[in-house]
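Asks: Everything below, folded, please.
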Amino acid sequence: MFGNKMVTPATPERVYTLCKIVEKKALAAADVRSKMEPEYLTGSSAAYFQDYRDAAKELGLISISDNFISLATSANHVSSTQAMRKFANHQLEKFRDGQFYKVTQAYFSLGDQVFTKDKNLSNLAPEMTILTGSTVDAMAMRAWRFWVTFLGFGYLQDMFLIPNANVFLGDIISTLPIEKGKIYAFGEFIQSILPYAQIILGSNPTDHQLNYGVSCGLRTLHDMGVIKLEHIMDYDDIWSLYPMKAHPVSGTVTSITICK
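Replies: Sure thing, here's the model as predicted:
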């Protein structure tokens, strides 16, 4: 799902359920599978187990040894779907060569152009194939939509994703060693999240221009009181958000405060 081709059976819900089954003790893979897919389930469902098991293993949530599956991380990281999401969001930079990473990065790089595209994500597969240099089909795009919404990169409207990375950015910010209530230069903030957020920022955002989805995410967090964005006069470290005249932070920022 993350290391290579995206597959629809590897949904976040299935990955989470698998982790909860082995949360307290290791179990034989056959036993885990029987709990997830009882014998009365036949046909195509029989092939689901390997896909979501592999996704859980890729994310570092489980380990497999001698055909036994055990939780590979702290139980705190699977205490809720939100906890699993936060853990997963900190693993994504490991998968830069995978389809999920490449498609997410390509989608955010389109900026507001996404609103001129086909509103069915499945139909964007040919364009994503060109943008990512990886063969992306309609089924892969359907698989992408499950995880891109779960991880907090945007909001699904029917089969169209509205880019807004507030949940993803909130997860990253919540674990940063940043002093709350202190004003930071915005460039310093970008450098602090960059090790986890190149998937939407790019590897070196030296042009100080933030794309539509990142800008929406930051403004949403500002509106929620999680952060405070400011443009302070005489500050040289100026960054440009996607312009939005109706918002109090309409264009440029120089500093950020983590409020909660």
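Asks: give the contact list for the nearest residue to S174 once chain neighbours are set aside.
Replies: The shortest distance from S174 to any non-neighbouring residue, by CB to CB, 6 or more residues apart in numbering, is to K86 (7.1 Å). The way it works is simple: take the backbone N, C-alpha and C, and place the C-beta from them, glycine included. Residues near K86 by CB atoms under 8 Å, 6 or more residues apart in numbering: H77, D171, S174, T175.
Asks: Between those residues, which sits nearest I130?
Replies: D171 (30.3 Å; CB to CB).
Asks: okay, now that closest one: neighbour count?
Replies: 20 (other CB atoms under 10 Å).
Asks: That one and L92, how far apart?
Replies: Counting by CB to CB, to the nearest Å, the gap from D171 to L92 is 11 Å.
Asks: just to revisit the earlier point, from the contacts of K86, which single one is nearest E127?
Replies: Nearest to E127, judged by CB to CB, of the contacts of K86 is D171 at 28.2 Å.
Asks: Please report phi then psi for that closest one.
Replies: For D171, the backbone dihedrals (degrees, to the nearest 10) come out as phi -60, psi -40.
Asks: Which per-residue confidence value corresponds to it?
Replies: We have a pLDDT of 98 for D171.
Asks: For it, give me its contacts.
Replies: Contacts of D171 were listed using CB under 8 Å, 6+ apart, and they are R85, K86, N89, H90, G152.
Asks: Tell me which residue is most central in the chain.
Replies: Nearest residue to the geometric centre of the chain (CA atoms, centre = their mean): L151, 3.9 Å.
Asks: mind checking how far it is from N76?
Replies: 18 Å.
Asks: Next, the buried residues of the lengthiest helix in the chain.
Replies: Looking across the chain with DSSP state H, the single longest helix is helix 186-201. Residues of helix 186-201 classed as buried: 186-187, 189-190, 192-194, 196-201 (neighbour count, 16 or more other CB atoms under 10 Å).
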